[in-house]
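Colleague: sharing a model prediction with you, sequence too.
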Amino acid sequence: MSTGNMRPDGPGADTAEETGRQSAVVVGGGLAGTTAALALADAGLDVTLLEGRPRLGGLAFSFKRGDLTIDNGQHVYLRCCTAYRWFLDRIDGTALSPLQERLDVPVLDADRNRLGRLRRTALPVPLHLAASLATYPHLSLAERANVGRAALALKGLDLGDPALDERDFGSWLAEHGQSRRAIEALWDLVGVATLNAVAGESSLGLAAMVFKTGLLSEPGAADIGWARVPLGELHDTLARKALDSAGVRTELRTRVTSISPTGNGRWSVEVPGERIAADTVVLAVPQRETYDLLPDGALDDAERLLAIGTAPILNLHVVYDRKVLKRPFFTALGSPVQWVFDRTEASGLTEGQYLAVSQSAAQDEIDEPVAVLRERYLPEFERLLPAARGAKVLDFFVTRERTATFAPAPGVGALRPTARTNAPGLYLAGAWTATGWPATMESAVRSGVSAADAALAALDRPRGHLFREAA
């Protein structure tokens, strides 16, 4: 870790003195950093946002492939993701990433060639899912009854109990009568996509949070939303516009080399050719990069950041010469295929169909050659989608996020730091911090809210109206 020495002679060193306003530097332009920067600017601070990449958006971004605009992976959110919904509203992106009117997930069993649906009604919890569960064809009558009993037991867990974090979700499910089929066809169907781990490798605390909040809190909590435009249009283009309007100085391709206290209650942030002085700093970068930048003593046990594991996500992209999927998305059982989304319109494709396949918990496949993945998955698409059997594959490619999320393993809760550090004026943000949520867009935004909230409280600054709603 670096401590650095202050030399307040860079172009940004006297910004606060010149404006008479308190200043902040946010390191990292993902959702966490962008959120923190907007919240701080909305509260009246002079804010500088520094991002090493040539774009904003972190791990939820887009890129060009020929004439198409491709998301690095499929990202969704739920109606219960109130902070991310605030973020969308703040950047004027809500209409571009709408929610389902009601939860409706097509579930296709490849082995039995049978389609089921997980849907809700307008009835109160837990009756909102009763009809769907009662007719869910992928489980036996006894398995469905046991699922209902386990759901009630899950609803009774205290999310504030730290002992939940020490247990794995899989063993808890087994103790509560869940068969392997029930775990595959229901619990992991949701859990793998949200936690990026199977039940046996997930903290019971995080799993309970996901299911209690998403499925057992309000009838519409699990309604699914996703971007109908490229993610870059939201998290980069619209986010940059919002930052500019808020008066944030945004510097891309700018990597921070050190941060250090100045001795007068302020901070110095060093980038190539410049030292920027600030009253407060928010570090919104991955845990290992945070560890490298933290001044000595900023956390009591900084090494615990390095003990937070990571988990990969593999994304397969297939372009067909014709339409092979009628639904906007589906998920599969009895197949290596997990969740499949139609991204044709969003990508700009005018002929044929482009499907994006999101494969979470992909430790066994993340480094497989494209040729091997193509040979494995194209026959699966033909098995799942009969219309694909006569279609020509125009393109097949892969995007890999080897450290897509933190690993939600038992015990991870004790490793995740809060926004506050031991160093006055220095705060942490990122989906991996102690938000109570797994590594999702919601967790990232919540972490930015928490970091800005803590900074503003220390500076005795009020928060903006929308910011209060998000918090």
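Modeller: Sure, I can see it.
Colleague: my read: residue 393 touches residue 320, true?
Modeller: Yes - with contacts defined as CB atoms under 8 Å, residue 393 counts as touching residue 320 at a distance of 6.3 Å. Every residue, glycine included, has its C-beta placed from N, CA and C.
Colleague: more neighbours, the two?
Modeller: Relative neighbour count places residue 320 above the other of residue 393 and residue 320, with 23 against 14, counting by other CB atoms under 10 Å.
Colleague: spatially nearest residue to that one (excluding sequence neighbours)?
Modeller: For residue 320, ignoring the flanking residues on the chain, the nearest one in space by CB to CB, 6 or more residues apart in numbering is residue 391 at 4.4 Å.
Colleague: give the buried residues for the longest helix along the chain.
Modeller: Taking residue count as the measure and DSSP state H as the definition, the longest helix of the chain comes out as helix 441-458. Within helix 441-458, the residues that qualify as buried are 441-456, counting by 16 or more other CB atoms under 10 Å.
Colleague: just the residues you listed now: which is nearest residue 386?
Modeller: Closest approach between the buried residues of helix 441-458 and residue 386, by CB to CB: residue 441, at 33.9 Å.
Colleague: give me phi/psi at the closest residue to that closest one other than its chain neighbours?
Modeller: Nearest in space to residue 441, with sequence neighbours left out and distances taken as CB to CB, 6+ apart, is residue 84 at 4.9 Å. Note on residue 84: backbone dihedrals following degrees, to the nearest 10 are phi -70, psi -40.
Colleague: check residue 397 too.
Modeller: Given degrees, to the nearest 10, the pair of backbone angles that residue 397 has is phi -150, psi 170.
Colleague: that one contacts residue 314, correct?
Modeller: No - counting by CB under 8 Å, residue 397 does not reach residue 314; the two are 11.8 Å apart.
Colleague: residues near residue 50, how many?
Modeller: 25.
Colleague: is it in a bridge, and if so with what?
Modeller: Residue 50 has these beta-bridge partners by DSSP bridges: residue 27, residue 251.
Colleague: who are the contact partners of it?
Modeller: Taking CB atoms under 8 Å, 6 or more residues apart in numbering as the definition of contact, the neighbours of residue 50 are 25-29, 251, 254-256, 269, 271.
Colleague: residue 189 - nearest residue in space that isn't next to it in sequence?
Modeller: Distance criterion CB to CB, 6+ apart; nearest residue to residue 189, sequence neighbours excluded, is residue 331 at 6.1 Å.
Colleague: would you agree the one you found falls within a strand?
Modeller: Yes - judged by DSSP: H, G, I helix; E, B strand; the rest coil, residue 331 forms part of a strand.
Colleague: quick one, helices of the stretch 51-200 of the chain?
Modeller: For the stretch 51-200 of the chain, the helices defined by DSSP state H, counting those that start in this stretch occupy 82-90, 130-134, 141-155, 163-166, 169-175, 180-182, 188-195.
Colleague: could you name the helices and strands sitting against the fifth one?
Modeller: In terms of contacts (3 or more CB pairs under 8 Å, 6 or more residues apart in numbering; DSSP states H and E), helix 169-175 is packed against helix 204-215.
Colleague: packing partners for the helix it packs on?
Modeller: Other elements packing on helix 204-215 under the criterion 3+ CB pairs under 8 Å, 6+ apart are helix 141-155, helix 163-166, helix 169-175, helix 188-195.
Colleague: can you say which of the ones you listed is packed in most?
Modeller: Most buried of the helices and strands packed on helix 204-215, by mean neighbour count (mean count of other CB atoms under 10 Å): helix 188-195, with a mean of 23.
Colleague: now the angle between strand 329-333 and that one, please.
Modeller: Between helix 188-195 and strand 329-333, the angle comes out at 120 degrees (axes from the mean of the first three to the mean of the last three CA atoms, to 10 degrees).
Colleague: what's the angle between helix 188-195 and helix 204-215?
Modeller: Here helix 188-195 runs at an angle of 110 degrees relative to helix 204-215 (the same axes, to 10 degrees).
Colleague: tell me which other helices or strands helix 188-195 touches.
Modeller: With contacts defined as 3+ CB pairs under 8 Å, 6+ apart, helix 188-195 has these neighbours: helix 204-215, strand 329-333, strand 353-360.
Colleague: could I get the average pLDDT for it?
Modeller: Computed over helix 188-195, the mean pLDDT rounds to 97.
Colleague: if we can go back for a sec, compare residue 397 and residue 314 and say which is more crowded by neighbours.
Modeller: When residue 397 and residue 314 are compared for neighbours, residue 314 comes out ahead with 25 against 14, by other CB under 10 Å.
Colleague: adding distance to residue 364, write the helices of the stretch 51-200 of the chain out as JSON lines.
Modeller: Rendered in JSON lines, the data for the helices of the stretch 51-200 of the chain read as follows (distance: least, CB to CB, whole Å):
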{"stretch": "helix 82-90", "distance to residue 364": "30"}
{"stretch": "helix 130-134", "distance to residue 364": "31"}
{"stretch": "helix 141-155", "distance to residue 364": "27"}
{"stretch": "helix 163-166", "distance to residue 364": "26"}
{"stretch": "helix 169-175", "distance to residue 364": "17"}
{"stretch": "helix 180-182", "distance to residue 364": "19"}
{"stretch": "helix 188-195", "distance to residue 364": "13"}
